[in-house]
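*Asks:* quick one: sequence plus predicted model below, questions after.
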Amino acid sequence: MVDTKDPRGGQQSRGHGSGRTDDALFTAEPLRSASDVDRAQANKERARQIVDSGGDVRHAVKLLSDAVEVVPDAASLTLLADLEVANPLWRQKALDRLKQAVAIDPKHTPAWLALANYWSLRGQTDKQIRCLQRILSYEPVNLDVREALRLISPAALEQALAPPAPPQKP
């Protein structure tokens, strides 16, 4: 029996010198059909309606969770994280979803605000400040964020609003 390295950079398989790998380990993500995408979009809308009407949050979480697996977007991920963060068992999921939201759309202010709030509630003021400063980096006239930073740390506000230092000559 011979150990072989998968040529695609994957895991090793054990074979009898044939050089074959276990293709079952390397199945590609299935392509999403138009009906899957349509269903996901409909589930997102239904979840928003449930939340807006004060309906069953668990049902909204289920709809959104399924939908963002098919078609993730910053707004839906942020809403889902807002719902999940209330449950201590789901807080890590909420954080992961917020990180995914800002990765998808780095200028999605509601996600950055939710992240700032997340870190604030955990006593991580330095991370909270970085989230608020990130907003000011692309939205410098956001008065609410400026005020929040001023209250947390006047120095952090000054740092966020300071023009970048000119490059130094060698």
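*Replies:* Nice, I can see it.

*Asks:* for residue 106, helix, strand, or coil?
*Replies:* coil (DSSP: H, G, I helix; E, B strand; the rest coil).

*Asks:* pop out the phi and psi values for it.
*Replies:* Residue 106 adopts backbone torsions of phi -60, psi -10, taken as degrees, to the nearest 10.

*Asks:* one more: residue 53?
*Replies:* phi -90, psi 0.

*Asks:* one more: the one 4 residues further on?
*Replies:* According to degrees, to the nearest 10, the main-chain angles of residue 57 amount to phi -60, psi -40.

*Asks:* which residue packs closest to it, ignoring adjacent ones?
*Replies:* Excluding the flanking residues, the one nearest residue 57 by C-beta to C-beta, 6 or more residues apart in numbering is residue 83, at 5.6 Å. Bear in mind the C-beta positions are built from the backbone N, C-alpha and C, glycine included.

*Asks:* with residue 82 instead?
*Replies:* Using C-beta to C-beta, 6+ apart, the nearest residue to residue 82 is residue 114, at 6.1 Å.

*Asks:* so who does that neighbour touch?
*Replies:* Residue 114 makes contact with 78, 81, 82, 85, 98, according to C-beta atoms under 8 Å, 6 or more residues apart in numbering.
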